[in-house]
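K.L.:
sequence plus the predicted model coming up.
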Amino acid sequence: MRHIETAGTVAEPPGPPFGDRPIKRPPPGGRAPEQTPSVENLVTSVRNAIRVRHYSHRTEESYVGWIRRYVVFHGGRHPMRMGESEIRDFLNDLAVRRRVSSSTQNQALSALLFLYKEVLHRNVGWVDSVVRAKRPKHLPVVLTPEEVRAILSEMTGVYRLMASVLYGAGIRLSECLELRVKDLDFEEEAIVVRGGKGEKDRVTLLPKSLEEPLKQHLARVRKLHERDRAGDPPVEATLPGALARKYVGAGLEWGWQYLFPMPNTFVDPETGRLLRHHAHESGIQRAVKEAVRKSGIVKQATCHTFRHSFATHLLEAGYNIRTVQKLLGHQDIRTTMIYTHVAGSKKLGVRSPIDTL
């Protein structure tokens with residue numbers, strides 16, 4: 001799952017280092033006491049189990065984080081020595097004392113169920129008597145076309161182009177950052193989103209108005225790529241999973257370069273190769289936040305608001321909801337239908353009865 005939406009973090013209370021228990025010496029002539037594997041070894045097993053199932057990197061970090069918090073909450077005890085009652089106590093603490101959101105609590109439960117079922121091979125069943133955090137039903141924040149125009153007018157350079165792609169194609173921020181040169185099809189006016197949420201590929205729009213800005217941007221990226229190839233050692237683009245081993249040298253090919261590459265490079269500690277990753281999400285997030293402030297818009301708009309606005313504006317323009325569902329990559333049409341609740345009444349032809357008085 002590039003991600004599940006993480007609703008906040010829970011600070012870890014201080015505690016002893018994982019697996020930092022002294023080794024008990026066996027008595028003379030006796031048997032050594034049974035040793036519980038260290039939690040750090042367990043974390044390694046969790047990471048391996050997640051990677052075998054091809055879950056996203058964000059899911060991996062989220063699950064490992066919750067497992068660590070679970071162990072710290074119970075004073076460093078190994079999960080092998082715990083079960084349903086300890087899981088219930090941990091989840092109740094999240095809901096009652098820490099007051100986390102329902103999605104955060106459900107995420108923690110998913111992580112622990114994965115730990116016991118897939119790693120420890122124990123069936124803990126459904127955890128009963130858990131205090132469920134209340135799940136609020138919020139409508140998404142949606143900008144008007146005029147507000148989108150105002151925000152974009154306050155942005156410049158590559159961040160304006162990134163924000164334009166977010167709105168024009170209706171893609172998530174992570175999907176935008178992970179776009180590669182080969183994912184743009186100017187002839188078909190399409191963008192291929194690879195490995196989106198749920199590791200699903202889909203095709204969405206490549207806006208006609210962004211063709212020329214994108215081509216100009218690609219020309220600048222190509223110059224950077226040519227300098228990378230000519231370097232000693234050359235700089236390669238990072239590749240997902242085991243593709244770097246399967247397609248040797250693919251990271252040097254033009255098609256595999258990121259559409260929005262990071263300015264800096266780094267050395268892979270395992271291979272020693274010089275690599276370039278995609279731009280970090282914090283840059284565009286700060287740029288959008290500042291543009292919203294400068295434009296005077298009071299809505300709590302973020303990068304993801306552009307995706308909400310994309311869907312709502314298509315529905316207001318009369319496009320079929322199934323078409324919008326396909327462009328957004330929603331598995332369930334009920335997820336897409338939430339945008340029908342925020343579509344403007346003027347665009348939907350609804351008139352208040354007070355206007356007829």
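P.N.:
Received, thanks. Numbers count the residues shown, from 1 in each chain.
K.L.:
may I see the buried residues of the helix or strand where residue 106 lies?
P.N.:
Here residue 106 sits within helix 102-114, counting by DSSP states H and E. Across helix 102-114, burial judged by 16 or more other C-beta atoms under 10 Å covers 103-114. Glycine gets a C-beta too; all of them are placed from N, C-alpha and C.
K.L.:
could you do stretch 170-188 as well?
P.N.:
170-181, 183-184.
K.L.:
stretch 47-57 now?
P.N.:
Result for stretch 47-57 [16+ other C-beta under 10 Å]: buried residues 49-50, 55-56.
K.L.:
quick one, what contacts the residue lying closest to residue 235 once chain neighbours are set aside?
P.N.:
Leaving aside its chain neighbours, residue 235 sits nearest to residue 228 (3.6 Å; criterion: C-beta to C-beta, 6 or more residues apart in numbering). Residues in contact with residue 228 (C-beta atoms under 8 Å, 6 or more residues apart in numbering) are 234-236, 252, 265, 276.
K.L.:
dump the residues you listed to CSV, plus distance to residue 292.
P.N.:
Output for the contacts of residue 228, formatted as CSV (distance: C-beta to C-beta, whole Å):
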residue, distance to residue 292
234, 40
235, 35
236, 36
252, 39
265, 32
276, 30
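K.L.:
out of the buried residues of helix 102-114, which comes closest to residue 165?
P.N.:
The closest of the buried residues of helix 102-114 to residue 165 turns out to be residue 103 (C-beta to C-beta; 26.8 Å).
K.L.:
quick one: residue 294 and residue 154 touch, right?
P.N.:
Yes. Taking C-beta atoms under 8 Å as the definition, residue 294 is a contact partner of residue 154 at 4.5 Å.
K.L.:
and these two? Which one has more around it.
P.N.:
Between residue 294 and residue 154, residue 154 has the larger neighbour count (other C-beta atoms under 10 Å), namely 18 against 13.
K.L.:
need the helices for the stretch 101-250 of the chain, in chain order.
P.N.:
Counting by DSSP state H, counting those that start in this stretch, the stretch 101-250 of the chain has helices at residues 102-114, 145-153, 157-169, 173-177, 211-230, 243-246.
K.L.:
average model confidence for the helix or strand residue 91 falls within?
P.N.:
Assigned by DSSP H and E, residue 91 falls within helix 84-96. Looking at helix 84-96 alone, the average pLDDT works out to 89.
K.L.:
which helix or strand in the protein has the lowest average pLDDT?
P.N.:
Ranked by mean pLDDT, DSSP states H and E, the weakest helix or strand in the chain is helix 243-246, scoring a mean of 75.
K.L.:
ok so, going back, and the contacts of residue 228, which of them are in strands?
P.N.:
235-236, 276 (DSSP state E).
K.L.:
most neighbours among these, please name it.
P.N.:
That'd be residue 236 among the ones in strands among the contacts of residue 228, by other C-beta under 10 Å, with 23 neighbours.
K.L.:
look up how far residue 184 lies from that residue.
P.N.:
20 Å (C-beta to C-beta, to the nearest Å).
K.L.:
same check, this time on residue 231
P.N.:
For residue 231, the distance to residue 184 - C-beta to C-beta - is 25 Å.
K.L.:
ok, now residue 303?
P.N.:
For residue 303, the distance to residue 184 - C-beta to C-beta - is 20 Å.
K.L.:
where does the prediction get shaky in this protein?
P.N.:
1-37, 125-136, 344-357 (pLDDT under 70).
K.L.:
so which elements touch the helix holding residue 106?
P.N.:
helix 39-52, helix 57-73, helix 84-96 (3 or more C-beta pairs under 8 Å, 6 or more residues apart in numbering; DSSP states H and E).
K.L.:
tell me which of the ones you listed is the most buried.
P.N.:
Sort those by mean neighbour count, taking mean count of other C-beta atoms under 10 Å, and helix 57-73 sits at the top with a mean of 19.
K.L.:
now it - C-alpha only, PDB.
P.N.:
This file holds the C-alpha atoms of helix 57-73, laid out as PDB (Å, rounded to 0.1, in the frame of the first residue of the first chain):
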ATOM      1  CA  HIS A  57       8.000   1.700   1.400                       C
ATOM      2  CA  ARG A  58       5.600   3.900   3.400                       C
ATOM      3  CA  THR A  59       3.600   0.900   4.600                       C
ATOM      4  CA  GLU A  60       6.900  -0.800   5.700                       C
ATOM      5  CA  GLU A  61       8.000   2.200   7.700                       C
ATOM      6  CA  SER A  62       4.500   2.700   9.200                       C
ATOM      7  CA  TYR A  63       4.200  -1.000  10.300                       C
ATOM      8  CA  VAL A  64       7.700  -1.100  11.800                       C
ATOM      9  CA  GLY A  65       7.000   2.100  13.700                       C
ATOM     10  CA  TRP A  66       3.800   0.800  15.200                       C
ATOM     11  CA  ILE A  67       5.500  -2.500  16.200                       C
ATOM     12  CA  ARG A  68       8.300  -0.600  17.900                       C
ATOM     13  CA  ARG A  69       5.700   1.600  19.800                       C
ATOM     14  CA  TYR A  70       3.800  -1.500  20.800                       C
ATOM     15  CA  VAL A  71       7.000  -3.100  22.300                       C
ATOM     16  CA  VAL A  72       8.000   0.100  24.100                       C
ATOM     17  CA  PHE A  73       4.400   0.500  25.500                       C
END
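K.L.:
direction-wise, compare that helix with helix 102-114 and give the angle.
P.N.:
Interaxial angle of helix 57-73 relative to helix 102-114 (axes from the mean of the first three to the mean of the last three C-alpha atoms, to 10 degrees): 80 degrees.
K.L.:
chain center to helix 57-73, what's the gap?
P.N.:
15 Å (C-alpha atoms, centre = their mean, to the nearest Å).
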